[in-house]
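Colleague: The following block contains a protein sequence and its predicted model.
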Amino acid sequence: QVQLVESGGGLVQAGDSLRLSCVSSGLPFDRYSMGWFRQTPGKEREFVAFIKWSGMSIEYSDSVKGRFTISRDNAKNTAFLQMSNLKPEDTALYYCGAQGTSYYPTHAATYDYWGQGTQVTVSS
């Protein structure tokens, strides 16, 4: 059974940093690309960041570029999202997803597995 478990969310002030983790089990992690998405009530899941299974290709949404850093440790089956200079508009439920194809990484529909999400709340 495949499981993705996110952690590291919380309530912080604007300008603070957080590091999210996504631990996977039940899949060959080093053959899956990983993405981070976020969602607020009433809105669609929004792409945040992507890292290819090899770590050799990385993408960010324009809204987080320069502030967020995605990484992975294949030996620990874990993906990370380092978030710096957080803003109130970053408040959302953050999900990690695992993708077997590496195609269209900004589209949530292309992901095979999802975690349950971790809440990030940024106060002004």
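Modeller: Cool, got the structure.

Colleague: Next, the residue nearest the centre of the chain: secondary structure please.
Modeller: Of all residues in the chain, the one closest to the mean position by CA atoms, centre = their mean is residue 36, 2.1 Å from it. Using DSSP: H, G, I helix; E, B strand; the rest coil as the criterion, the local structure at residue 36 reads strand.

Colleague: residue contacts, it?
Modeller: Taking CB atoms under 8 Å, 6 or more residues apart in numbering, we find residue 36 in contact with 20, 22, 48-50, 70, 79, 81, 94-97. Every C-beta, even on glycine, is put in place using the N, C-alpha and C of the backbone.

Colleague: Among these, which are located in helices?
Modeller: Helix and strand membership here follows DSSP state H; of these, not one is in helices.

Colleague: In JSON lines: these, plus neighbour count, pLDDT and distance to residue 118.
Modeller: Listed next are the contacts of residue 36 as JSON lines, based on neighbours: other CB atoms under 10 Å; pLDDT from 0 to 100; distance: CB to CB, whole Å:
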{"residue": "20", "neighbour count": "23", "pLDDT": "98", "distance to residue 118": "6"}
{"residue": "22", "neighbour count": "26", "pLDDT": "98", "distance to residue 118": "9"}
{"residue": "48", "neighbour count": "25", "pLDDT": "98", "distance to residue 118": "12"}
{"residue": "49", "neighbour count": "27", "pLDDT": "98", "distance to residue 118": "14"}
{"residue": "50", "neighbour count": "23", "pLDDT": "97", "distance to residue 118": "18"}
{"residue": "70", "neighbour count": "22", "pLDDT": "98", "distance to residue 118": "15"}
{"residue": "79", "neighbour count": "29", "pLDDT": "98", "distance to residue 118": "12"}
{"residue": "81", "neighbour count": "27", "pLDDT": "98", "distance to residue 118": "10"}
{"residue": "94", "neighbour count": "24", "pLDDT": "98", "distance to residue 118": "5"}
{"residue": "95", "neighbour count": "24", "pLDDT": "98", "distance to residue 118": "8"}
{"residue": "96", "neighbour count": "30", "pLDDT": "98", "distance to residue 118": "9"}
{"residue": "97", "neighbour count": "24", "pLDDT": "98", "distance to residue 118": "13"}
